[in-house]
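Trainee: The sequence isn't on hand, but the structure is:
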């Protein structure tokens, strides 16, 4: 089992940047596919980005390609989400998640993830 704790959210003006972090407990972090999702008020939780166990395969939602970058540091048990050129529509609670899937490099749907953090709020003002 793994516990996930996100940090780095906040209030930022449009065009600004944030770096979200997700710290994982346990010694098996490198065996998990890691992902970021977000949920805006009144909307479904949606996929943002995912990274394979060693970081060699990345996947992004079309809406964030070119602006968001996912990365991980297995030595620090941490996954990051660098968010640039923020837009008001990026306002949401951002969640990190861990998937035990051993067959795929990355997974992108909610039900493929086994563990979730509590989320960190990102608010973008126009």
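Mentor: The structure has been received and is ready for your questions. From a predicted model like this one, the values you see are computed outputs, not experimental measurements.

Trainee: which parts of stretch 86-99 are buried?
Mentor: Neighbour counts over stretch 86-99 (16 or more other C-beta atoms under 10 Å) mark 86, 90, 91, 92, 93, 94, 95, 96, 97, 98, 99 as buried. For the C-beta atoms, the positions are set from N, CA and C on the backbone; glycine is no exception.

Trainee: And the last one, how far from residue 37?
Mentor: For residue 99, the distance to residue 37 equals 11 Å [C-beta to C-beta, to the nearest Å].

Trainee: now swap in the fourth one and tell me
Mentor: As for residue 92, its distance to residue 37 is 9 Å (criterion: C-beta to C-beta).

Trainee: Kindly report the same for the first one.
Mentor: Counting by C-beta to C-beta, the separation of residue 86 from residue 37 is 17 Å.

Trainee: Same check on residue 29?
Mentor: Distance, residue 29 to residue 37, using C-beta to C-beta: 18 Å.

Trainee: returning to what we had before: give me the common contacts of residue 99 and residue 37.
Mentor: Taking C-beta atoms under 8 Å, 6 or more residues apart in numbering as the contact rule, residue 99 and residue 37 both touch residue 113.

Trainee: is the residue nearest to the spatial centre of the chain in a bridge, and if so with what?
Mentor: With distances taken as C-alpha atoms, centre = their mean, the residue of the chain nearest its centroid is residue 36 (2.1 Å). Here residue 36 sits in beta bridges with residue 49, residue 96, going by DSSP bridges.
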